[in-house]
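In: I'll drop the sequence and a predicted model, then ask my questions.
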Amino acid sequence: MDILESKIDRSSDEYKRNYETMAALVEDLKRELKTAREERSAKALDRLREQGKLSVPRRLELLLDKNTPFLEIAPLAAKGVYDGKVHAAGNISGIGIVEGKEVLVIANDPTIKGGTIYPLGVKKLLRCQTISMENRLPVIYLVDSGGAFLPLQSEIFPDSDDGGRGFYNQAIMSKMGIPQITAVMGLCTAGGAYIPAMSDEVVHVKGTGAIFLGGPPLVKAATGEDVTAEDLGGADVHCIESGVSDYYAEDDAHAISIVRKIVKNLPRNIKQQLSTRKAEPPLYDPREIYGIVSRDLKVPYDVREVIARLVDRSEFLEFKEMYGPTLVCGWAYIHGYPVGILANNGILFSESSLKGTQFIQICDRRKIPLIFLQNISGFIIGREYERGGITKNGHKLVNAVSTATVPKFTVMMGASFGAGNYGMCGRGYSPRFLWSWPNAEIGVMGGEQAADVLITVKNDQLAREGKPTMTREEVMAIKLPIVEAARKEGNAYYSTANIWDDGVIDPAATRDVLGLGISASLNAPIPDDIFGYGIFRM
């Protein structure tokens, strides 16, 4: 492979201004993550201590192997939603190492609204279960939840992507042979009772853990019977009488030690084998990405400079370098794993779409994971390009992205607009993981462009009616709300709050995050039916 030679002038004013802008965004990100992890009410923390429970960070510390990474999923989910205090959508989830095995952990946080489940908490659970199924990762549920947040029950309960889907997924995961282990460390109420009931093995903490379809207040209302949570569904009930639970734990720490023993006893999964090589760092500092990426999304930069700071030894074998240059395609290694990279260097033309399609097919044939680096305003439009077949050629790229069988990973490094989001493997195209940088923006189109389109449509309508075009005041009355809405709803934090990605990440950490994602993906076999493409309109 060729070494990418950087041409960045680190002493230039442009580089320094870009660096300062991105560094400030990263500092904001760190503050937001700290708030999500640590902001808890004194009342909730006191109650946790009174019950003799461990905090979720301490539970994870005891569960995960020491000095191993934890790839947290959607840590800023529900940011700014509800009352702004449902941090991480109420559960801390991610991929970690337990007894040398990669597992997915889903832990309710009882210090966030008592572990109550909000609609975005359901969405996050379903996302985590999807990650488990796609990557064949065993799941550990650390359950401590007061059940659904009843005032929003219509958004939690009835639909195909609401609460019941989680238990459906558990059944499918069981059929797939994916181990599911539950530690009952608090309440498992109503539908939540099915989480342990549908798991392979259940560890139950005495005194604090309780499983029941209807809690004491509901039992009182329905039957008139007075009963405590412990008598209704405690460890003695379910370990001795009902048989729902399998292991009796004295406290949280004991429960976690049992869970670790269960995971150690699981058969070791044989991971998908790739043609790996020794991992080596890039020749350039990944933090230099801060100065490379323009602070203005409209200003282009050479994406090869970013690639040089992500891949092993900054080596990259570029495919069709002189053809369709607005899409950079090529092979590299990240943490020793072979990857095929598709990275935007401008708008997508027919030539770049065709190049990307061919490249995806080659990677699929060779079982090489795909990485999409998105900074895209869309496909080219206009009379000349429609006559040149941009619609059918763009469709070829979208088709190839959709039907590729190898693991796909997407990083939104800037703009992600319109059909460009589709062609570069947006969320709707099932990448195994999708992350955003803090400067990322997403939408059908940019706010200014969307406003201009609507203004043009309105003026055309007025012209057909024989009326004068809009005044400047009328134009601004339309434009300003659209631009403001796009600014609010298109930024990275809005996106991650709604779980449109798996987290906002520091650009300098992208290489490591990708390495962890690729490693997790290899727990699932890559199918051999690589020729199952749909029709390519010629």
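Out: Happy to help now that I have it.
In: same for the lengthiest helix in the chain, what does it pack against?
Out: Criterion DSSP state H: the longest helix present in the chain is helix 13-38. Here helix 13-38 touches helix 289-292, going by 3 or more Cβ pairs under 8 Å, 6 or more residues apart in numbering; DSSP states H and E. Backbone N, C-alpha and C define where each C-beta goes, glycine included.
In: gap between the helix it packs on and the chain center?
Out: Chain-centre distance of helix 289-292: 23 Å, with Cα atoms, centre = their mean, to the nearest Å.
In: Only C-alpha atoms, please: export whichever helix or strand comes after that helix in PDB.
Out: Downstream of helix 289-292, the next assigned helix or strand under DSSP states H and E is helix 303-307. Taking Å, rounded to 0.1, in the frame of the first residue of the first chain, the C-alpha atoms of helix 303-307 are listed here in PDB:
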ATOM      1  CA  VAL A 303     -10.600  13.700   3.000                       C
ATOM      2  CA  ARG A 304      -7.400  11.800   2.400                       C
ATOM      3  CA  GLU A 305      -5.900  13.900   5.100                       C
ATOM      4  CA  VAL A 306      -8.400  12.500   7.500                       C
ATOM      5  CA  ILE A 307      -7.900   8.900   6.300                       C
END
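In: Now do helix 303-307: distance to the chain's middle.
Out: How far helix 303-307 lies from its chain's middle: 23 Å, per Cα atoms, centre = their mean.
In: Can you mark which positions in it are buried?
Out: 303-307 (16 or more other Cβ atoms under 10 Å).
In: what's the answer for stretch 281-296, then?
Out: For stretch 281-296, by 16+ other Cβ under 10 Å, it's 282-284, 286-295.
In: Thr68: which of those residues is nearest?
Out: Lowest distance from Thr68 to these (Cβ to Cβ) belongs to Pro286, with 21.0 Å.
In: element containing the residue located most distally from the centre of the chain, please.
Out: Distance from the centre of the chain peaks at Gly466, with 50.7 Å (Cα atoms, centre = their mean). Using DSSP H and E, Gly466 sits within no helix or strand.
In: Retrieve the pLDDT associated with it.
Out: Note on Gly466: pLDDT of 93.
In: After whichever strand or helix holds Pro217, which helix or strand is next?
Out: Per DSSP H and E: Pro217 is located in helix 216-223. Going down the chain from helix 216-223, the next helix or strand is helix 229-233, by DSSP H and E.
In: For that next one, which helices and strands make contact with it?
Out: strand 210-212, helix 216-223.
In: Just the buried positions in the first one, please.
Out: Burial within strand 210-212, assessed by neighbour count using 16+ other Cβ under 10 Å, is assigned to 210-212.
In: for the longest one, same thing?
Out: Within helix 216-223, the residues that count as buried by 16+ other Cβ under 10 Å are 216, 219.
In: chain center to that helix: distance?
Out: Distance of helix 216-223 from the chain centroid (Cα atoms, centre = their mean) equals 39 Å.
In: check contacts around the residue lying closest to Pro325 once chain neighbours are set aside.
Out: Leaving aside its sequence neighbours, Pro325 sits nearest to Asn345 (Cβ to Cβ, 6 or more residues apart in numbering; 6.5 Å). Asn345 makes contacts with 300, 302-304, 325-328, as judged by Cβ atoms under 8 Å, 6 or more residues apart in numbering.
In: give me that answer again for 6 Å
Out: Contacts for Asn345 (Cβ atoms under 6 Å, 6 or more residues apart in numbering) come out as 303, 326, 328.
In: Without its sequence neighbours, what residue ends up closest to the first one?
Out: Okay, so that is Val303. In space, Val303 is closest to Ala343, 4.3 Å off (Cβ to Cβ, 6+ apart).
In: swap in Ser430?
Out: In this structure, Ser430 finds its nearest non-sequential neighbour in Lys408, 7.3 Å apart by Cβ to Cβ, 6+ apart.
In: quick revisit: give me the distance between the residue nearest to Pro325 and Asp460.
Out: 34 Å (Cβ to Cβ, to the nearest Å).
In: now swap in Ala279 and tell me
Out: 57 Å.
In: Ile478 should be in a helix, yeah?
Out: Yes. Assessed by DSSP: H, G, I helix; E, B strand; the rest coil, Ile478 belongs to a helix.
In: pLDDT wise, what is it at?
Out: The confidence metric pLDDT takes the value 88 at Ile478.
In: List the contacts of it.
Out: Residues in contact with Ile478 (Cβ under 6 Å, 6+ apart) are Ile455.
In: mind listing the strands for the stretch 301-450 of the chain?
Out: Ranges of strands in the stretch 301-450 of the chain, per DSSP state E, counting those that start in this stretch, are 315-319, 327-334, 337-344, 370-376, 408-417, 433-436, 441-443.
In: how about the ones you listed in TSV, adding distance to Arg387?
Out: Converted to TSV, these look like this (distance: least, Cβ to Cβ, whole Å):
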stretch	distance to Arg387
strand 315-319	27
strand 327-334	21
strand 337-344	24
strand 370-376	23
strand 408-417	23
strand 433-436	34
strand 441-443	28
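In: With mean neighbour count, mean pLDDT and distance to Glu225 as extra columns, can I get those in a markdown table?
Out: Listed next are those as a markdown table, based on neighbours: other Cβ atoms under 10 Å; pLDDT from 0 to 100; distance: least, Cβ to Cβ, whole Å:
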| stretch | mean neighbour count | mean pLDDT | distance to Glu225 |
| --- | --- | --- | --- |
| strand 315-319 | 18 | 98 | 69 |
| strand 327-334 | 24 | 98 | 59 |
| strand 337-344 | 24 | 98 | 58 |
| strand 370-376 | 26 | 97 | 57 |
| strand 408-417 | 26 | 96 | 53 |
| strand 433-436 | 25 | 98 | 48 |
| strand 441-443 | 22 | 92 | 52 |
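In: Out of the ones you listed, flag the one nearest Pro75.
Out: Pro75 lies closest, by Cβ to Cβ, to one member of the strands of the stretch 301-450 of the chain: strand 433-436, at 11.2 Å.
In: can I get the CA coordinates of the closest one in CSV?
Out: Presented in CSV, the C-alpha positions along strand 433-436 are these (Å, rounded to 0.1, in the frame of the first residue of the first chain):
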residue,chain,number,x,y,z
PHE,A,433,-22.7,1.2,14.0
LEU,A,434,-23.1,4.9,13.1
TRP,A,435,-21.3,7.7,14.9
SER,A,436,-21.3,11.5,14.5
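In: So which elements touch it?
Out: Contact here means 3 or more Cβ pairs under 6 Å, 6 or more residues apart in numbering; DSSP states H and E; on that basis strand 433-436 packs against strand 408-417.
In: Residues touching the strand it packs on, excluding its own?
Out: 297, 370-378, 425, 431, 433-437, 440-443, 445, 510, 514, 517.
In: swap in stretch 151-160?
Out: With contacts defined as Cβ under 6 Å, 6+ apart, stretch 151-160 is touched by 119, 122, 148, 162-163.
In: wait, is Leu182 part of a strand?
Out: Wrong residue type there; residue 182 is Thr, not Leu. Yes. Assessed with three-state DSSP, Thr182 lies in a strand.
In: Contacts only, for it.
Out: 141, 143, 195-196, 199, 202.
In: try it again with 10 Å
Out: 106, 139-143, 170, 188, 195-204, 209, 211, 245-246, 259 (Cβ atoms under 10 Å, 6 or more residues apart in numbering).
In: do you know how far it is from Gly147?
Out: 15 Å.
In: same thing with Pro507?
Out: Here the criterion is Cβ to Cβ. By it, Pro507 lies 39 Å from Gly147.
In: Neighbour count for those two, which is higher?
Out: Ranked by neighbour count (other Cβ atoms under 10 Å), Pro507 and Gly147 place Pro507 first, with 26 against 19.
In: Tell me which residues touch the more buried one, please.
Out: Residues in contact with Pro507, defined by Cβ under 10 Å, 6+ apart, are 22, 25-26, 29, 286-290, 292-293, 306, 309-310, 411, 413, 435, 437-439.
In: So what sits opposite the nearest residue to Tyr247 once chain neighbours are set aside in the bridge?
Out: Among residues not flanking Tyr247 along the chain, Val203 sits closest, at 4.3 Å (Cβ to Cβ, 6+ apart). For Val203, the beta-bridge partners are Ala183, Tyr247 (DSSP bridges).
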